[in-house]
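K.L.:
heads up, no residue letters with this:
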C-alpha cells in the first residue's frame, strides 16, 4: 500500500507539466461556462429593458462577451492540440 | 517629562551603585535582560516582510484561532507587549477586526506566562550563563552576515543569549545582596501589603516597560527569600496591570480601533487583578493544590509564583473571554468615533511602518477611503447621494428630478474630504521609503498613481460643474437633455464600478468585466460627440453651446477613465480565482475598438 502511494506521488511529480496544462484547460472551460451563463442572463434582462441607454450598455456587454468567448474557444483548442502533441 | 525623569533616575542609580556592588549587579542584570528583549524584537521584525501578515490573516478568522495565535506568538517572542503593539498596528491598518484583536490579547496574556515558568524552572536551577555564551557567539556571527533573514536569526539568538545572561546576573547579585541587606525586613503583611506591592509591581513594570523584567526580579527575589511569597503574589498582579501601559502608549498613534483594543487590554488585566486581589486566599490555596499535583515542592516559591501567574491569566480568560461581544459594545460606547470637521486618514498608522505588507494594505484601504469621498463629491455635484443609487428609481428620473440643484461647493468639499487624506497618503508613501523589496515599492507606486487618478476625477468634475449648473437652467431643452445625459453616464459608470467590486467579491470574472466598462466609455464618448454634431447641424443648439458640450463630454470621459483606473488598482489587488486564464481572454485596445464599432453599426 505504501509503495503504491509512493509510486502515485512520483508519477504526479514527473507529470507536473501535464497536470498544469490540464488545470489550465479546466480553468478556461469554467470561465467559458460562466461567460455563457452571463450571456444568457444579460439577454433575458435586455428583453425587459425599455431604456435606450441601458439597452445600448447591454448590447456592448453582450458583444464583449461574444468576442471573449470566441477568443477563449480558440485558446482552448490550441491548448488541446498542444496537449495531444 | 522623560528628560526630567532621566535627570532623577541617573543620579539615584549612580548613588545606588556607589553604595552596593550587589545593587549594581541587579541593575546590570535588568539592563542586559531588557537589551535582550530589544534584540529579540529586532530579530522578529526581520521576518515581517509579508510572512507574519499572511499568517495573521489565516489564523485570526475566529476568536479561538486568534487566542491560539496570541498564545503561540507571545510564547515565542516572550513579550506580550510586542504582540499587543503589533496587533494594534494591524488593527489600525484594518487587517484585523476588534474580536480577533481581543482574542489575541487573551492568548498573549497566557502565552507570556511561559516566561515565568522558564525563569523559575530553568533560570534558577541551571547555570544558564553557560547556555548564553554559545548563543551570543553564534548570534553575533549571524548579525554580521549580509542576508536579511540570517541577520534576523542573529538578533534572535543574541537576544536569547542576553536574556539568559541577564537572569544569571540578577540571580548572582541577589544572592550577594542577601548577605548585606535583607529586603524581607520590608515585608508587609495583610491587605496593606497586597495593595502596596501591587502598586510597586505596576510602577516597576511601567518604568521597565516589561512585565517579564518585573516577573524576573520578583521570582529571583522570592527564590532567595528577599521578599515574602505573599508580597511576591501582589507584585505579579501589579506586573500584569502595568504591562497594559505599553499597549496604551502604542495606541496614542493608532486609530479608534487601536484605542479600543488598548482599552480592552487594560480592562481585562485591571479587572482580573481586582478579582484576584479579592480572592487572593482562595487563589493561594488553588496554587498550593496545583503545585502539589505538579510535584512542586512546598518550599519552591519561585515555581509556585509561576503557577500563580498562569492561574491569574487563566482566571482572566474564564471571566472575560465569553463576553467579547459585550466588551466590544462597551468599548464602542466609551471610545466614540468622532466625525471630524476635516476628514482624517483612518488607516495610516505610523506603527505599521515597520511591516511592508501592512504599509501597502494601509495605503490601499486609505485610498479606498479617498475614493469613497471622491464619489460622494461627484454624486453631490449632480444633486445625488450614494443612498439614492440603492433605490429602485430609475437613474434617469433621479437626475431629471433635480432640475434646480443648488451649486455644490466642490472646493470646500475638496478641502474637507480629500486634501487631508490625500496629503497624508502621499506623505505616508514617501516615509515608507524605497529600501524594501521591489514588490512592495511597486505596489505603493501603483497606489500613488490611483490616488492621482481620484484627484484628477474631482478636478474634472469641478470643470464640468461650471457649465452643468449654467446650462441646466437653460431655456433650451436639447441642451438640458445633453447635460442630463452627461450626469447620467457618469453616475451609471459609478454604479458599474460598484458592480465590478461585487464581482470581485463573488469572483464573477471581474477582469473580463473591465473590458465592458472600457468599451462603454469609448462608446458613450462616440455617441455623445455624434449627438452634439447633429444638434449643431440641425440648429437645435448654438455652436457656442455645442463647443461647451464637446469640452464637457471630454471631462466626462476623463472622469470615467480616471475612476476606472483607480478602481482597477484599488479593488483588483489580490488574485482572482482564475486570474491567469482570465487574463488570456481580456481584449486589447484594437479588439475593444472593433466591439464599439460593431455595436455602433447594430
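P.N.:
On my side now, so go ahead. Here the structure is a predicted model, which is why all the values come from computation and not from measurement.
K.L.:
just the element for the closest residue to chain A within the stretch 451-600 of chain B, please.
P.N.:
Ranking the residues of the stretch 451-600 of chain B by distance to chain A (C-beta to the nearest C-beta) places residue B:581 first, at 3.9 Å. C-beta coordinates here come from the backbone N, C-alpha and C atoms, glycine included. Following DSSP states H and E, the helix or strand that holds residue B:581 is helix B:579-585.
K.L.:
now do the buried residues in that helix.
P.N.:
Of all the residues in helix B:579-585, those buried under the rule 16 or more other C-beta atoms under 10 Å in any protein chain shown are B:581-582, B:584-585.
K.L.:
format these as CSV; extra columns: pLDDT.
P.N.:
Output for the buried residues of helix B:579-585, formatted as CSV (pLDDT from 0 to 100):
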residue, pLDDT
B:581, 79
B:582, 83
B:584, 84
B:585, 87
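K.L.:
can you list contacts of stretch B:260-272?
P.N.:
B:84, B:87-88, B:91, B:98, B:101-102, B:105-106, B:109, B:240-241, B:243-244, B:247-248, B:250-251, B:254, B:312-313, B:315-316, B:319-320, B:327-328, B:331-332, B:334-335 (C-beta atoms under 8 Å, 6 or more residues apart in numbering or on different chains).
K.L.:
which ones among the residues you listed map onto helices?
P.N.:
B:84, B:87-88, B:91, B:98, B:101-102, B:105-106, B:109, B:240-241, B:244, B:247-248, B:250-251, B:312-313, B:315-316, B:319-320, B:327-328, B:331-332, B:334 (DSSP state H).
K.L.:
and stretch B:518-538, what's its mean pLDDT?
P.N.:
Mean pLDDT, stretch B:518-538: 92.
K.L.:
hmm, it touching chain A?
P.N.:
Yes - under the criterion of C-beta under 8 Å from any C-beta of the partner chain, stretch B:518-538 makes contact with chain A via B:519-520, B:523, B:527.
K.L.:
residues in contact with that stretch?
P.N.:
Under C-beta under 8 Å, 6+ apart, the answer for stretch B:518-538 is A:56-57, A:60, A:63-64, B:478, B:482, B:485-486, B:489, B:493, B:496, B:541-543, B:546, B:549-550, B:553, B:556-557, B:560-561, B:564, B:592-593, B:595-596, B:599-600.
K.L.:
can I get the buried part of these as one ChimeraX selection?
P.N.:
Of the contacts of stretch B:518-538, the buried ones can be selected in ChimeraX as follows, counting by 16+ other C-beta under 10 Å:
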select /A:56,57,60,63,64 /B:478,482,485,486,489,493,496,541,546,549,553,556,557,560,561,564,592,595,596,599
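K.L.:
narrow the contacts of stretch B:518-538 to those in strands?
P.N.:
Among the contacts of stretch B:518-538, none falls in strands (DSSP state E).
K.L.:
residue ranges with poor pLDDT in chain A?
P.N.:
A:1-2, A:6, A:9-10, A:12-16, A:83-85 (pLDDT under 70).
K.L.:
by proximity to chain B, which residue of it wins?
P.N.:
For chain A, C-beta to the nearest C-beta, closest residue to chain B: residue A:27, 3.9 Å.
K.L.:
and that residue, helix, strand or coil?
P.N.:
Under the three-state scheme (DSSP: H, G, I helix; E, B strand; the rest coil), residue A:27 adopts helix.
K.L.:
tally of neighbours for it?
P.N.:
When neighbours are defined as other C-beta atoms under 10 Å in any protein chain shown, residue A:27 has 17 of them.
K.L.:
can I see the domain layout of chain B?
P.N.:
Domains of chain B are assigned by automatic domain parsing as B:2-334, B:350-601.
K.L.:
please pick the buried ones from the ones in helices among the contacts of stretch B:260-272.
P.N.:
Among the ones in helices among the contacts of stretch B:260-272, those buried by neighbour count (16+ other C-beta under 10 Å) are B:84, B:87-88, B:91, B:98, B:101-102, B:105-106, B:109, B:240-241, B:244, B:247-248, B:250-251, B:312-313, B:315-316, B:320, B:327-328, B:331.
K.L.:
which bits of chain B sit near chain A?
P.N.:
So far as C-beta under 8 Å from any C-beta goes, chain B lies against chain A at B:394, B:396, B:485, B:488-489, B:492, B:508-509, B:512, B:515-516, B:519-520, B:523, B:527, B:578, B:580-582, B:584-587, B:591-592, B:594-596, B:598-599, B:602.
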